[in-house]
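>>> turn this into a structure:
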Amino acid sequence: MQRHILGICALFLLAGAVYFRIRPPESDFTVTFYAACTRVGTLCAALWLAYRDLERLPRWIGSVILVAAITIAYRPRLAVIAIPLVIALTVLGWKKNKRS
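Below is the predicted model of the structure:
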């Protein structure tokens, strides 16, 4: 069910982005709304495509990614350490779950 909701959200957001692309907005708010529709719609479409694979990831990886995102937002230079660490934890955790 959640996959269908993601697909519908992506469809509506990308349709809104196309509408604002055809009829260019005049105010700053609608320009921001157009950019948000484009970015969030693309993200929802990517999540919709990867949903089956994301279901197989361990539950704790979501909190690890959230902590890494907050760390990178606070100190962008730590991205060099945080991103490989998240990737390593994901791969190691995924292989551990395959063995059990």
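
>>> drop to CA atoms for contacts and neighbour counts, all remaining ones
Noted.

>>> now the residue nearest the centre of the chain: how far from residue 25?
Nearest residue to the geometric centre of the chain (Cα atoms, centre = their mean): residue 43, 5.0 Å. Applying Cα to Cα, to the nearest Å, the value for residue 43 to residue 25 is 22 Å.

>>> one more: residue 84?
Distance from residue 84 to residue 25, by Cα to Cα: 40 Å.

>>> what's the answer for residue 89, then?
44 Å.

>>> give the contact list for the residue nearest to the centre of the chain.
Residues in contact with residue 43 (Cα atoms under 8 Å, 6 or more residues apart in numbering) are residue 10.

>>> cool, and residue 93?
Residues in contact with residue 93, defined by Cα under 8 Å, 6+ apart, are residue 58.

>>> what about it, which helix or strand?
According to DSSP states H and E, residue 93 maps onto helix 79-99.

>>> quick one: buried residues of that helix?
Across helix 79-99, burial judged by 16 or more other Cα atoms under 10 Å covers 82, 86, 90.

>>> having no further points to raise, I will conclude here.
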